[in-house]
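K.L.:
Sequence unavailable; structure follows:
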C-alpha cells in the first residue's frame, strides 16, 4: 500500500503575540476537521510524532548571526517545526511512506541563508534545512521545491540561489502588491545556477482555473525538464479566497488539484491565515489528494465574494511574463577582493528587511565562477554595525572551490577588519564551524 | 470494608475469587455456558461457597456478553441516519453496516452550515409496522459540537413512531464522525441484550439476598455500576482484567511488561509508573472502529499449545501455527507444541519425556533425530515464541513513545525512559521466563494465582473516570466529551479561575451520576486558545480535563 505520512504539530502553546496571525488558534480548527473526518483511520495514513532539529541541521542551510547562541531562547518551536520536516523527509526517502504532509507551525520560507531574527513569521527555513539534510545524509542530488504560498518564498530562494542542483519555483501574488516585495521574473538564480530559480508573480484575483493553467503550462514542463529525484511543495494556503492578508481566489478544491498536479513527495505547510474559512478545508483537501483519495467533496462554507480573473484575461499576461522571463539576462559584475582566492568572483549585493523586529540586513554576496560545481560562496552580512561572514563550500564542490573556502575561512579569522563572527558551511564534508571574535572556534 | 468478589467469564471457563483482608479466601472455576451467562455467573458465585454473603462489599463481573454478541453478529439491525455534510467522502472509510445520508451540516464551532430538510425525513424508510420494533441511530458530523440536528430528527421520529428506540451520536462526544457513528450503532444494537442480562443478574443475586452493588469491568480497566455502564464499554474486559491482576502483584508506581501466555494466544500489556497504558485510538471489534477507550494490549496468536509444524520455507525448519490440536504432545496430544519444547529442555516438569522426544523428532528428518538436533530444535521453538513476544512488546513501547505531541512543551519534555520489570503469567509462564528475561534484559517474575488471575483483577478493580471540557466562550457553548453533555456558557469571555470551578462542578455532578467515589484525580493543565477576529481578541476556546486512571484498590498477599 502506498502510505501517506502526516506530521501534525500545531504548537498549541506557542504564538508570536496575543492577536498575531501566527498564534495558538491557527491549526485548532484544522485539528477539529481532520480528527472529525476520521482521517487517521484511513488505512494508508500514518501519523508521525515530531522531533527537534539540531543546530547542525540549521547550519547546513543557514547561518545564524551573529552566532547560534544569540538565537537559542526563541528557537524551540522553529526547531520542532523544522525537525518535523526532517523526520518526514527521512521517512519518505527510506521508503516508509510514499509521500507526506508536514502540517506544522511555525512556517519558514521567508528565512534565508543568513538569519539575524524573525521575518515574515519565519526564523528557520524548514524546506531549506530539509533539502540539505537529505543531501547530506542520503546522498540525494537533485531536488525541486515548488512554493505555492501566496508570498514569494524569498528565504528559500536565497538559500539555493547559487545552487545548480536545486530547482526553486515560486508562484505568488505579484511582489508589487504584497510582502515581501520580491520574486520577479528576472530573479533567475546566481551566475553558476542561472535558470535554477523560477519566479511566477501572479496578478491579484487569480483563481483555480488560472493557477492550474500556469502549473500545467509552465511549472510542470520546467519540472519535467529538471527531472528531480524529489519534489517538495511549500504548501502555503493563503491563496485561498478568504485569506485576510492576500488577494487571490483559490478554493480548497483548487488546492487539492494543485497537489494532484504537482505530485509532491513531501508537502510542507507554510503560511495561510484564514484559520476558520480556509485552513481546515485546504489542509484536508491537500492531505486527501496526497493520500490518493477523492477531495472533490471538500467544500468551504463561505462563498467567493471577489470575482476571479478569467482565463482569457490571464493567458496573455502569462505569455508576456514568460517572454520577459526568457529574455532576462545575467547582470553580475566581477569584483575580486585582494584576499579572495584566485578566480573570478561575481558580486551580488542586496538588502533584507526583518519586518517582525523592524531592522535591515545589508548583504554583499560573492560567488566564485565555476563550471564544475556551484562555486564557493562568500557572504558579508551587516546589521547596524555588526558584520558577520558566511563561507560556503557547496555540495559536490570541486577541489579549487573547496580550497577557496578554506583559504577564505582562514583569512577572516585573522582579519583586522570589523568582522565579529562567521560560519564555515562546509556542505561537501558536512562539517560546520562557527567562529566568533570573542570566543573563537566551535564545531557543530 | 474491602471484601470483594470478582468473576471473569472466559471462553471455556469462568473463574471467581473472594478477596478479603488482603488475601484470596476462596476461588472457583466452572465451565462457561455461553448460552446462559447469568447461570454461569451464579454457578461460579455459589461455588465460591462464601459463608457470610452479607460481608461482601462489591461484586465485579468481567463478561464477554457484548463482545460475543458483536463478533457472532447477534445484534438486531439498526437504522443508521447520518448528517454527513461535506469533507472527506463518506465511503473513503469502510462501513460494516448500511446508512442513509441526510441533508444538514454543522461546522467545527457548532455553527449550522446547512439546515436539515424535513421532506427527506418524511420519506425515510421506516414503515409504521417496522417502526414499532426499530432501532434508529442518528449521528451528525460535528454533532459533538452541536447536537441540534440530531435532536430535531429524533423529535420528529418520536412523534410519529413513539416506540422507536433512538440513540444520538453526540453522546459520544469525542471527535471522529466515523467512529462515533459506529459506536452509537453498536451501543444501541447491544443495549436490549445487555439490559436483559443486567436485570437477570440483579434478580438472581437479590434472590440470594445479596445487597452488594454489582459492577461491570470495562475495556479501559475501570469498573462502573451495572446500571450506569454503557454496554459497549464492556468489550475486551478480559485482557483488561489480566493487566489489573498484574497491578495487584507489583510495587505501586513501578513499570512492568505484562505477559500472559495462554493456550493459543498471549496477551501483552504495559504498566507505566503504576498506570496501565491506554490505547491511543478507540477499540476495534469485528469490523467496527469505535470510540471505546481500552487498555493497549497486544494479543498474539502464540501459546503453549500452539501447533508446531515442520516447514522447509524458512531457515528454522518449522512454523508455529495460530491454532491448537488439543493438548501438547507430551500430554497425549496430537502435535508437538512449545510446551513440548519446554519439557525437552527441562524448563517444566510435567509431561511424558518419551513422548516429547517422539513428538519433536517428527519435525526432523530421520538423519537429524539426534540429541544435538533435538536440543537445537527445542531451543529454536522457545526462541521463536520469545521473538514474537519481543516484537509485540516493542510495538507497545513504540505506541507509548511515539504518542503524537501537539505542544512545544511536550516535545521538549519527552517520556523519561523507565526501568521495567516483567511479570509472566499463564500456563507457559515458567517455560519461557528465563529466555524472555534474557532477551528483554529485565528481571522476570512469575505471576501468582495463574488459575484465577483475571477474576482477581476484576475483584480489585476500581472505577475509571474522565471529564474533558471543551468550552467556546465566544459561541457561549460548552461540551463534555465523555457524556456528550452540551450547554450554555454564561461566564466571562476570558475566564481563568472561573473555568476551574466550572470543571470541578461538572466532575462532581458526573461522579454523582455514576455513583462512584473519586480518588487520585489527575488534572491536565488547561489549554487556552484566544479567538481573534480583526486583530481583536473576542473570546477563548478552553480545553481541560481530569482523569482517574485505571488502578486497583490494593495489593494481594500470597
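P.N.:
Cool, the structure landed. Predicted, not measured: the structure shown is a model, and the values here were computed from it. Numbering: from 1, shown residues only, chains lettered A, B, ... in the order given.

K.L.:
Spatially, which residue comes closest to the residue of the stretch 151-300 of chain A found nearest chain B, not counting chain neighbours?
P.N.:
Proximity of the stretch 151-300 of chain A to chain B (CB to the nearest CB) peaks at residue A:299, 4.3 Å away. Backbone N, C-alpha and C define where each C-beta goes, glycine included. Leaving aside its sequence neighbours, residue A:299 sits nearest to residue B:86 (CB to CB, 6 or more residues apart in numbering or on different chains; 4.3 Å).

K.L.:
Please work out how many residues are found near the one you found.
P.N.:
Residue B:86 has 19 neighbours, counted by other CB atoms under 10 Å in any protein chain shown.

K.L.:
Wait, it touches residue B:105, no?
P.N.:
Yes - under the criterion of CB atoms under 8 Å, residue B:86 makes contact with residue B:105 at 6.6 Å.

K.L.:
Please identify the residues of the stretch 301-450 of chain B in proximity to chain A?
P.N.:
By CB under 8 Å from any CB of the partner chain, the residues of the stretch 301-450 of chain B that approach chain A are B:402-409, B:411-412.

K.L.:
got it, and the stretch 451-558 of chain B?
P.N.:
With CB under 8 Å from any CB as the criterion, the stretch 451-558 of chain B meets chain A at residues B:527-532, B:535-537, B:541.

K.L.:
out of the residues you listed, which is most surrounded?
P.N.:
Neighbour counts for these (other CB under 10 Å) peak at residue B:531, which has 23 neighbours.

K.L.:
neighbours of residue B:366, just the number please.
P.N.:
Counted with other CB under 10 Å, residues neighbouring residue B:366 total 6.

K.L.:
Correction: the previous question concerned residue B:206.
P.N.:
Neighbours of residue B:206 under the rule other CB under 10 Å: 11.

K.L.:
Show me what the host helix or strand of it is packed up against.
P.N.:
Per DSSP states H and E, residue B:206 falls inside helix B:177-207. Counting contacts by 3 or more CB pairs under 8 Å, 6 or more residues apart in numbering or on different chains; DSSP states H and E, helix B:177-207 is packed against helix A:28-37, helix B:37-48, helix B:65-71, strand B:78-83, strand B:135-140, strand B:165-168, strand B:214-217, strand B:288-289.

K.L.:
quick one: it to helix A:28-37, angle?
P.N.:
60 degrees (axes from the mean of the first three to the mean of the last three CA atoms, to 10 degrees).

K.L.:
Any figure for the gap between the spatially most central residue of chain B and residue A:259?
P.N.:
Nearest to the mean C-alpha position of chain B, by CA atoms, centre = their mean, lies residue B:219 at 2.2 Å. Per CB to CB, to the nearest Å, residue B:219 is found 38 Å from residue A:259.

K.L.:
Provide a list of residues in contact with residue B:307.
P.N.:
Counting by CB atoms under 8 Å, 6 or more residues apart in numbering or on different chains, residue B:307 touches B:320-321, B:323-325, B:335-337.

K.L.:
Going by neighbour count, list what's buried in the longest helix seen in chain A.
P.N.:
With secondary structure taken from DSSP state H, chain A has its longest helix at helix A:72-93. Within helix A:72-93, the residues that count as buried by 16 or more other CB atoms under 10 Å in any protein chain shown are A:75-93.

K.L.:
Show me the shaky parts of the chain.
P.N.:
Here I'm looking at chain A. Within chain A, no range satisfies pLDDT under 70.

K.L.:
oops, I was thinking of chain B
P.N.:
Using pLDDT under 70, the flagged stretches of chain B are B:1, B:127-133, B:558.

K.L.:
got the domain boundaries for it?
P.N.:
Following automatic domain parsing, chain B resolves into domains at B:33-215+B:224-235, B:252-447, B:465-548.

K.L.:
Quote the end-to-end distance of the shortest one.
P.N.:
In other words, domain B:465-548. Length of domain B:465-548, first residue to last, CA to CA, to the nearest Å: 5 Å.

K.L.:
Around residue A:407, count how many other residues there are.
P.N.:
15.

K.L.:
contacting residues for it?
P.N.:
For residue A:407, the contact set (CB under 8 Å, 6+ apart) comprises residue A:341.

K.L.:
Now with 10 Å, please.
P.N.:
Counting by CB atoms under 10 Å, 6 or more residues apart in numbering or on different chains, residue A:407 touches A:339-342, A:376, A:391.

K.L.:
just to revisit the earlier point, not counting sequence-adjacent ones, nearest residue to the residue nearest to the centre of chain B?
P.N.:
Spatially, and ignoring its direct neighbours in sequence, residue B:219 is nearest to residue B:294 (3.6 Å; CB to CB, 6+ apart).

K.L.:
Wait, that neighbour touches residue B:278, no?
P.N.:
Yes - contact criterion CB atoms under 10 Å: residue B:294 and residue B:278 qualify, at 7.3 Å.

K.L.:
Next to chain B, which bits of the stretch 251-400 of chain A? Give me the list.
P.N.:
A:252, A:275-276, A:280-281, A:284-285, A:287-288, A:291, A:293-302 (CB under 10 Å from any CB of the partner chain).

K.L.:
can you tell me which of those are in helices?
P.N.:
Among those, the residues falling in helices (DSSP H) are A:252, A:280-281, A:284-285, A:287-288.

K.L.:
Which parts of the stretch 251-400 of chain A are helices?
P.N.:
In the stretch 251-400 of chain A, the segments counted as helices under DSSP state H, counting those that start in this stretch are A:252-262, A:279-290, A:311-327, A:399-414.

K.L.:
Out of these, which one sits most buried?
P.N.:
Highest mean neighbour count among these (mean count of other CB atoms under 10 Å in any protein chain shown): helix A:279-290, with a mean of 29.

K.L.:
quick one, that helix and helix A:252-262 angle?
P.N.:
30 degrees.

K.L.:
OK, contacts around residue A:295?
P.N.:
So, once contact is read as CB under 10 Å, 6+ apart, residue A:295 ends up touching A:252-253, A:255-257, A:259-260, A:281, A:284-289, B:87-89.

K.L.:
can you count the residues close to the closest residue to chain A within the stretch 1-150 of chain B?
P.N.:
Using CB to the nearest CB, the single residue of the stretch 1-150 of chain B nearest to chain A is residue B:108, 3.7 Å away. Number of residues near residue B:108 (other CB under 10 Å) recorded here: 21.

K.L.:
Give me the spatial nearest neighbour of it, chain neighbours excluded.
P.N.:
Excluding the flanking residues, the one nearest residue B:108 by CB to CB, 6+ apart is residue A:32, at 3.7 Å.

K.L.:
and what of residue A:374?
P.N.:
Among residues not flanking residue A:374 along the chain, residue A:394 sits closest, at 3.7 Å (CB to CB, 6+ apart).

K.L.:
Just give the number of residues close to residue A:94.
P.N.:
Going by other CB under 10 Å, the residues that sit close to residue A:94 add up to 9.

K.L.:
Likewise for residue B:322?
P.N.:
Here the count is done by other CB under 10 Å, and residue B:322 has 13 residues near it.

K.L.:
Tell me if I am right that it is in a strand.
P.N.:
Yes - Residue B:322: assigned to a strand according to DSSP: H, G, I helix; E, B strand; the rest coil.

K.L.:
so it touches residue B:300, yeah?
P.N.:
Yes - Residue B:322 is within contact range of residue B:300, at 8.9 Å (criterion: CB under 10 Å).

K.L.:
ok, now which ones touch residue B:287?
P.N.:
B:70-71, B:73, B:94-97, B:182.
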